[in-house]
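K.L.:
Predicted model and sequence follow; I will ask about them next.
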Amino acid sequence: MGTSLEAENEALKRRISELEAELANRSNHTEAASQQSHPPPPNIANEREVTLSLEEYKRYGRQMILPEIGIEGQMSLKRSRVLIVGAGGLGCPAAAYLAGAGVGTLGIIDHDTVENSNLHRQIIHSTSRVGVPKVVSAITYLRDLNPHPNYVPHVEPLTTENALQIMAGYDLVLDCTDHPAIRYLINDVAVIMNIPIVSASALRTDGQLVVLNNPPSVGPCYRCIWPRPPPAESVVGCGEGGILGPVVGLMGVMQAIEAIKIITKNPVQEVGRTTMTLFAAYGASPFRCLKMRGRKAGCIACGSPERMEEKITRESIEDGRMDYVAFCGGRAGVRVLEGGERISVTEYKKVVDSGVEHLLLDVRDKTQFGICQLEGSLNVPYSEFESSKYEDSEAEAIKSKFEDQPKDRPVYVICRLGNDSQIVTRQLKQAGVFPGDRVFDIKGGIAEWARSGVAGEFPEY
Amino acid sequence: MNEQQGPSANGVRSNPISLNIEFSGGLEILFSNQRDHRIQLPAKDSSGEPANIMFLVHYLCENLMKDRRKDLFLLHGGIRPGILVLINDADWELEGEEEYLVQDGDIILFVSTLHGG
Ligand SMILES: [Zn+2]
């Protein structure tokens, strides 16, 4: 063991001095020539002077000895300025690997604070930092991992007001966000600023990764591939759909790999075609690589649209003409019922304590119902009410679900957060399932029942 | 089922086309929670035109999709925004989009774009 480690150490030292010699040689007389053969993308600011300390030679030695990186790649990493948008499941591992790799300036933007339900996947935060802004928590971890980079905290959401100003300070952006509205905003600003985007997403047990606007003004942008946003009701977040920690972690790690490849400029990849990597943890062949379309001539972000007034510009973003939330059909909190049709968890607890005969209808899906449920509740998932809308008679379809239930008791409807239960309450009333109309929604759902502690300890998930 | 097994213009029977249909990114939920399907598609549509992608999409909607929320797959007569169509692992834009004539043995993948992170 000892001797092989020493031998390895010696070999590394030799390789480092070779690389140092090579660097000194190049900077003496061949810099201009080497730049001509592989011109860097316009925005990677390669003119910034950087040097490596002896500690850094040692720290980065294991990656510097790769021919793909070398001393030049390491210098490019140190010169690079990378912005990570979102310090969540994707942003955490991406930030850790980029900080570890020696990126010179690492900016992180997020307005959230660390919650305990983040920690199964957002692995650079910690139990002791619950309640701390994610950006502050992330930088605490990263500084301990590698003190050399310049970490730039942005504790705020990325908006049309600040995006141009913030992104102007970076050469590359990692889209680690969780909603299409902000993905379009990042795209449009990155196209204007000429910076590549490494974009990833994940949900449940699947992940997707795509590099956009790379090289700038050559590769397709987000709008080339997705010109129209999905209907708001088809967009599912990790909070509702669930997410397996290592799946989103894997996608974040892959973003770090793509970022390193772009920064250290492998000229072979610069052909303007992009691929999308699909990952399906439970699929028969988990990795899939898809050839995507090229840049779209009429793209309103990166191309020349037929109607030039549609072209997205710095001005159209700054003066608020671009409303990203409206474009993506922003979903406001559900409010379909009147005050008298809803009761609080405290009021419902009184119903339980009084011993009044009633039906508690829980409309969460079967998996969630299996995690925890209130005593005596009947589970009919929301999706069944949804699909009854497509039956010939919605009312009959709904009635058939309650055939063997007594109809003279009051009904209380509960879900996870208090949105689905309002819709079901309305459907039950419209279908006239329970004569007398005593159907009530429980405000805030199971989450509020747990949080308020009305019935002592109850799991929150 | 409306298999078009009758004689075609030149008197030769047109055999159905074997296709591998795959769903990803949550779309499989609409198709009996199954990611991979092997189907036999009629070679021609009801007006006798050779089967293209749009014919396939309507065929899937009517014959393979058990879930009744059709508008999560097909919206306003086209593929719902947010779903990518890949023909043998290449964006359908590279193959002629809706007009592409499906070939025996093709792998057609439908991917719902994810947004979580
Ligand atoms: Zn574009």
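P.N.:
Arrived safely.

K.L.:
For the rest of this, base every contact and every neighbour count on C-alpha atoms.
P.N.:
Noted.

K.L.:
Break down the stretch 1-150 of chain A into its helices, ranges please.
P.N.:
Listed in chain order, the helices of the stretch 1-150 of chain A (DSSP state H, counting those that start in this stretch) span A:2-29, A:31-37, A:54-64, A:70-79, A:91-101, A:134-145.

K.L.:
Comparing the ones you listed, which yields the minimum mean pLDDT?
P.N.:
Among the helices of the stretch 1-150 of chain A, helix A:31-37 carries the lowest mean pLDDT, a mean of 36.

K.L.:
show me the contacts for residue 73.
P.N.:
You didn't say which chain, so I picked chain A. Residues near A:Gly73 by CA atoms under 8 Å, 6 or more residues apart in numbering or on different chains: A:Met64, A:Ile263, A:Thr264, A:Lys265.

K.L.:
The chain in question should be chain B.
P.N.:
B:Phe73 touches B:Leu27, B:Cys61, B:Ile79, B:Arg80, B:Ile83, counting by CA under 8 Å, 6+ apart.

K.L.:
Next, count neighbours for the last one.
P.N.:
When neighbours are defined as other CA atoms under 10 Å in any protein chain shown, B:Ile83 has 22 of them.

K.L.:
is it true that it touches B:Ser112?
P.N.:
Yes - counting by CA atoms under 8 Å, B:Ile83 does reach B:Ser112; the two are 4.5 Å apart.

K.L.:
Could I get the pLDDT score of A:Leu52?
P.N.:
95.

K.L.:
Skip the chain neighbours and tell me the closest residue to it.
P.N.:
Residue nearest to A:Leu52 in three dimensions, not counting chain neighbours: A:Met75, with 7.8 Å by CA to CA, 6 or more residues apart in numbering or on different chains.

K.L.:
What is the burial count for the one you found?
P.N.:
When counting by other CA under 10 Å, one arrives at 23 neighbours for A:Met75.

K.L.:
Look up how far A:Ala99 lies from it.
P.N.:
14 Å (CA to CA, to the nearest Å).

K.L.:
and the end-to-end length of stretch A:144-164?
P.N.:
Its start and end residues considered, stretch A:144-164 measures 30 Å (CA to CA).

K.L.:
Which positions in it come out as buried?
P.N.:
Within stretch A:144-164, the residues that count as buried by 16 or more other CA atoms under 10 Å in any protein chain shown are A:146, A:148-155, A:158, A:160, A:163-164.

K.L.:
With stretch A:284-298 instead?
P.N.:
A:Leu290, A:Lys291, A:Met292, A:Arg293, A:Gly294, A:Arg295, A:Lys296.

K.L.:
So the fourth one is in contact with A:Ile225, correct?
P.N.:
Spelled out, that is A:Arg293. Yes - counting by CA under 8 Å, A:Arg293 touches A:Ile225, with 7.1 Å between them.

K.L.:
just to revisit the earlier point, isn't the residue nearest to A:Leu52 up against A:Ser53?
P.N.:
No - using CA under 8 Å, A:Met75 is not in contact with A:Ser53, being 11.6 Å away.

K.L.:
which residues do those two both contact?
P.N.:
Common neighbours of A:Met75 and A:Ser53, using CA under 8 Å, 6+ apart, do not exist here.

K.L.:
Report the secondary structure state of A:Gln430.
P.N.:
Here A:Gln430 takes the helix state, with states given by DSSP: H, G, I helix; E, B strand; the rest coil.

K.L.:
Is the closest residue to it other than its chain neighbours within a helix or a strand, and which one?
P.N.:
Among residues not flanking A:Gln430 along the chain, A:Ala395 sits closest, at 7.6 Å (CA to CA, 6+ apart). Here A:Ala395 sits within helix A:394-400, counting by DSSP states H and E.

K.L.:
Just the buried positions in that helix, please.
P.N.:
Quick answer for helix A:394-400 (16+ other CA under 10 Å): A:Glu394, A:Ala395, A:Ala397, A:Ile398.

K.L.:
Tell me which of these has the lowest pLDDT.
P.N.:
Across these, the smallest pLDDT goes to A:Glu394, namely 86.

K.L.:
Run through the residues of the stretch 151-300 of chain A sitting next to chain B.
P.N.:
Counting by CA under 8 Å from any CA of the partner chain, the stretch 151-300 of chain A comes close to chain B at A:176-180, A:200-203, A:206-208, A:226, A:228-231, A:234-238, A:248, A:280, A:283, A:289-293.

K.L.:
Low-confidence stretches in chain B?
P.N.:
Within chain B, the set of residues satisfying pLDDT under 70 comprises B:1-13.

K.L.:
And the strands in it, which stretches?
P.N.:
Per DSSP state E, chain B carries strands over the ranges B:17-24, B:36-41, B:74-75, B:78-79, B:83-87, B:90-91, B:107-112.

K.L.:
ditto for the stretch 351-461 of chain A
P.N.:
Assigned by DSSP state E, counting those that start in this stretch, the strands in the stretch 351-461 of chain A fall at A:359-362, A:378-379, A:411-414, A:439-442.

K.L.:
Chain B is nearest to which of those?
P.N.:
Comparison of the strands of the stretch 351-461 of chain A against chain B by CA to the nearest CA identifies strand A:378-379 as nearest, at 20.2 Å.

K.L.:
Which residue does chain B have closest to the ion?
P.N.:
Of all residues in chain B, B:Glu93 sits closest to the ion, at 14.1 Å by CA to the ion.

K.L.:
which parts of stretch B:47-59 are buried?
P.N.:
For stretch B:47-59, a neighbour-count test (16+ other CA under 10 Å) marks B:Ala51, B:Asn52, B:Ile53, B:Met54, B:Phe55, B:Leu56, B:Val57, B:His58, B:Tyr59 as buried.

K.L.:
wait, what's in contact with the fifth one?
P.N.:
Think B:Phe55. Counting by CA under 8 Å, 6+ apart, B:Phe55 touches B:Asp45.

K.L.:
Which residues of chain B lie near chain A?
P.N.:
By the rule CA under 8 Å from any CA, the part of chain B lying against chain A is B:24-25, B:35, B:67-69, B:72, B:80-82, B:86, B:89-91, B:93-94, B:113-117.

K.L.:
near the ion, which residues of chain A show up?
P.N.:
Residues of chain A lying near the ion by CA under 5 Å from the ion: A:Cys221, A:Arg223, A:Cys224, A:Cys299, A:Cys302.

K.L.:
Now which of the residues you listed would you call buried?
P.N.:
Listed as buried from the residues of chain A next to the ion are A:Cys221, A:Arg223, A:Cys224, A:Cys299, A:Cys302; burial here means 16+ other CA under 10 Å.

K.L.:
I'd like those as JSON lines, with pLDDT and secondary structure appended.
P.N.:
Output for these, formatted as JSON lines (pLDDT from 0 to 100; DSSP: H, G, I helix; E, B strand; the rest coil):
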{"residue": "A:Cys221", "pLDDT": "97", "secondary structure": "coil"}
{"residue": "A:Arg223", "pLDDT": "97", "secondary structure": "helix"}
{"residue": "A:Cys224", "pLDDT": "96", "secondary structure": "helix"}
{"residue": "A:Cys299", "pLDDT": "97", "secondary structure": "coil"}
{"residue": "A:Cys302", "pLDDT": "96", "secondary structure": "coil"}
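
K.L.:
Which single one of these is nearest to A:Arg342?
P.N.:
Distance ranking of these against A:Arg342, using CA to CA, places A:Arg223 first at 42.1 Å.

K.L.:
Looks like that closest one contacts A:Ala297 (just checking).
P.N.:
No - using CA under 8 Å, A:Arg223 is not in contact with A:Ala297, being 11.3 Å away.

K.L.:
Now do the helices for chain B: every range, in order, please.
P.N.:
For chain B, the helices defined by DSSP state H cover B:53-63.

K.L.:
Go ahead and confirm A:Val411 touches A:Glu357.
P.N.:
No - A:Val411 is not in contact with A:Glu357 according to CA under 8 Å; the separation is 9.5 Å.
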